[in-house]
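**Q** I'll drop the sequence and a predicted model, then ask my questions.
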Amino acid sequence: MGMDLTVQQLRLVLAVHDTGGFTAAAEQLHLAQSSISRAVRDVERRLGITLFQRTTRNLVTTPEGAEFCLVARRVVDSFDAGINHFQGFLAGTRGRVRVAALPSMAAILLPPVVSAYRADYPDVELSIEDGMSDEVLAKVRAGTVDLGVTVVAEPLPDLAVHPIATDRMCAVFPQQHRFAARESLTWAELATEPHIAFAPNSSIRQHADRAFAAAEAHPRIVLESGNITAVAGLVAAGLGTAVMPGMVLPLIAFAGLVHVPLAAPETHRRIAVIRTPHHPQPPATRAFTRALTWARTTTPETTWL
């Protein structure tokens with residue numbers, strides 16, 4: 001029994017079954033009746049059964065034909081659903097986008113981007129993972145995520161890097177601090193205060209260490225933490241000052257701290273979208289990348305490119 005039937009043949013058989021005749025099926029499908037008759041006879045020949053009992057007055061689906069139509073309908077419906085999903089994939093309206101980002105990017109930059117993207121692409125599955133910069137880079141390189149949103153401080157020749165913003169490094173301290181009224185502060189001046197540092201694997205700590213070194217300044221680190229809000233809380237308690245980039249300042253508003261831009265040297269972080277260049281981007285991922293490059297959030301000391 002030959003089973004190599006086409007989807008079009010199945011559609012024609014179903015049309016005859018549903019309309020109750022070749023003439024009605026031909027009118028519905030805008031095809032010649034002779035073409036439908038030949039197609040149905042070919043299906044019957046391949047299956048070795050009679051699908052329809054023909055009489056001079058009407059057409060009746062045989063029991064074998066009725067059973068075959070049940071199978072054919074499941075196949076056609078599944079095929080149509082699959083093609084619809086694939087068309088959505090091609091249009092970028094279906095699929096999956098996996099993003100890894102620094103915690104500050106996940107909390108500040110991504111929410112409005114995701115909200116706008118979901119409005120246009122509600123059927124795309126999104127997942128967001130946060131982590132330190134080295135973790136984001138590792139996930140992008142391993143292919144476990146499609147995109148990374150992180151700070152790029154050095155060349156990454158194996159990755160495609162698309163800068164989207166820069167944010168300036170600032171000093172933060174309680175409102176009653178002696179530096180609170182300053183419009184700017186040097187790294188050397190900041191080094192005269194007890195310093196609450198981020199963990200060594202933090203991109204904030206790495207930028208701060210380079211800037212202190214360039215200023216030939218050596219802060220006295222009294223505490224370390226890998227958590228932005230923990231550092232803010234420690235500063236609010238009067239235990240020392242800290243360095244924060246502009247992007248994270250909204251996250252520490254609860255602490256009521258003052259921020260002052262740092263100079264000599266003026267230090268900025270470069271925020272970028274990264275991906276592996278040798279992995280083709282599905283349409284849904286390309287659309288999310290465009291949404292990221294158009295992102296604009298109102299954050300202190302942040303400049304959008």
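**A** Received the coordinates, thanks.
**Q** For residue 215, which non-adjacent residue is spatially closest?
**A** residue 187 (3.9 Å; C-beta to C-beta, 6 or more residues apart in numbering). Heads up, the C-betas are built off the backbone N, CA and C, glycines and all.
**Q** any idea how far residue 91 is from the one you found?
**A** 50 Å (C-beta to C-beta, to the nearest Å).
**Q** who's more crowded, these two?
**A** Counted by other C-beta atoms under 10 Å, residue 187 and residue 91 do not tie: residue 187 has more neighbours, with 25 against 13.
**Q** ranges for the helices of the chain?
**A** Using DSSP state H, the helices of the chain run over 7-19, 22-29, 33-47, 63-91, 103-104, 110-120, 133-142, 187-190, 203-214, 228-236, 283-293.
**Q** if we look at the second one, which residues are touching it?
**A** This points to helix 22-29. For helix 22-29, contacts defined as C-beta atoms under 8 Å, 6 or more residues apart in numbering pick out 11-12, 15-16, 18-19, 31-33, 35-37, 40, 59.
**Q** try the third one
**A** For helix 33-47, the external contacting residues (C-beta under 8 Å, 6+ apart) are 1-5, 8-9, 12-13, 15-16, 22-23, 25-26, 29, 50-52, 68.
**Q** which of the residues you listed count as buried?
**A** 5, 9, 12-13, 15-16, 22, 25-26, 29, 51-52, 68 (16 or more other C-beta atoms under 10 Å).
**Q** returning to that earlier point: quick check: PyMOL command selecting the buried ones in the contacts of helix 22-29.
**A** Applying 16+ other C-beta under 10 Å to the contacts of helix 22-29 leaves a buried subset, and the PyMOL line that selects it is:
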select buried, resi 11+12+15+16+19+36+37+40+59
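**Q** And the furthest pair within the contacts of helix 22-29?
**A** 18 and 32 (18.5 Å; C-beta to C-beta).
**Q** Could you export the buried ones among the contacts of helix 33-47 as a markdown table, including distance to residue 99 and pLDDT?
**A** Below are the buried ones among the contacts of helix 33-47 laid out as a markdown table (distance: C-beta to C-beta, whole Å; pLDDT from 0 to 100):
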| residue | distance to residue 99 | pLDDT |
| --- | --- | --- |
| 5 | 43 | 91 |
| 9 | 44 | 93 |
| 12 | 46 | 94 |
| 13 | 46 | 94 |
| 15 | 45 | 93 |
| 16 | 50 | 93 |
| 22 | 54 | 90 |
| 25 | 49 | 91 |
| 26 | 51 | 90 |
| 29 | 45 | 91 |
| 51 | 51 | 94 |
| 52 | 54 | 92 |
| 68 | 47 | 94 |
